[in-house]
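Visitor: Structural data only, the sequence is not supplied:
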């Protein structure tokens, strides 16, 4: 059994979608970030960086409980523990997946997150922030659109890279992005949205 510590954010959705894709049993522990529950000592003992998601695998390596935080690390861990082809073992295929996963971790997540903030949540209007992060967000959509014009999924086959990026693209209205402007991303988004495991994962918590 795995304990999933999460909340309804794109990063949280990555972990729940992955758990549904690989079919592992898990129970949800909601960490309400709006109430600052991520800073409680009990949670800091699980993730010292006070972010969600995190998991505790009660049957981890060697049969001992094992904690994993950082959403990308969680995706890699769950794929490796289950032998899932969502993260291949063959070197070229594996690092194709990993580089697109890092594209999400270093680009899509931080930049889309800043676009969220300045376009929707900032307490004052900051035109520079809107322009900077809105422009970079559209640039990243264009990178994905070019890639997805050549392959079905970011790494070729459906993988943890797609699971990582998808919940962020699901918030495209917040980015003020019309997916009709990026038809290959639209096709990719629709295909992933139709997956039953993705639909179940989006409903968590």
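Guide: Good, I have the coordinates. Just so it is clear, the structure is predicted and the values come from calculations on it, not from any experiment.
Visitor: Number of residues surrounding residue 198?
Guide: 23 (other C-beta atoms under 10 Å). Using the backbone N, CA and C atoms, a C-beta is placed for each residue, glycine as well.
Visitor: list the contacts for it?
Guide: Residues near residue 198 by C-beta atoms under 8 Å, 6 or more residues apart in numbering: 17, 20-21, 166, 192.
Visitor: make it 10 Å
Guide: Taking C-beta atoms under 10 Å, 6 or more residues apart in numbering, we find residue 198 in contact with 13, 16-18, 20-21, 162-163, 166-167, 170, 191-192.
Visitor: So which of the residues you listed is the closest to residue 34?
Guide: The closest of the contacts of residue 198 to residue 34 turns out to be residue 13 (C-beta to C-beta; 16.4 Å).
Visitor: Can you list the residue ranges for helices in the chain?
Guide: 10-22, 41-44, 71-82, 91-103, 109-116, 127-148, 160-169, 172-175, 183-193, 196-202 (DSSP state H).
Visitor: okay, the ones you listed, which one's buried deepest?
Guide: helix 160-169 (a mean of 27; mean count of other C-beta atoms under 10 Å).
Visitor: Check which helices and strands it is in contact with.
Guide: helix 10-22, helix 71-82, helix 91-103, helix 109-116, helix 127-148, helix 172-175, helix 183-193, helix 196-202 (3 or more C-beta pairs under 10 Å, 6 or more residues apart in numbering; DSSP states H and E).
Visitor: want to throw these into a markdown table with mean pLDDT and distance to residue 35?
Guide: Below are the helices and strands packed on helix 160-169 laid out as a markdown table (pLDDT from 0 to 100; distance: least, C-beta to C-beta, whole Å):
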| stretch | mean pLDDT | distance to residue 35 |
| --- | --- | --- |
| helix 10-22 | 98 | 15 |
| helix 71-82 | 97 | 21 |
| helix 91-103 | 98 | 30 |
| helix 109-116 | 94 | 20 |
| helix 127-148 | 96 | 26 |
| helix 172-175 | 93 | 22 |
| helix 183-193 | 98 | 30 |
| helix 196-202 | 98 | 22 |
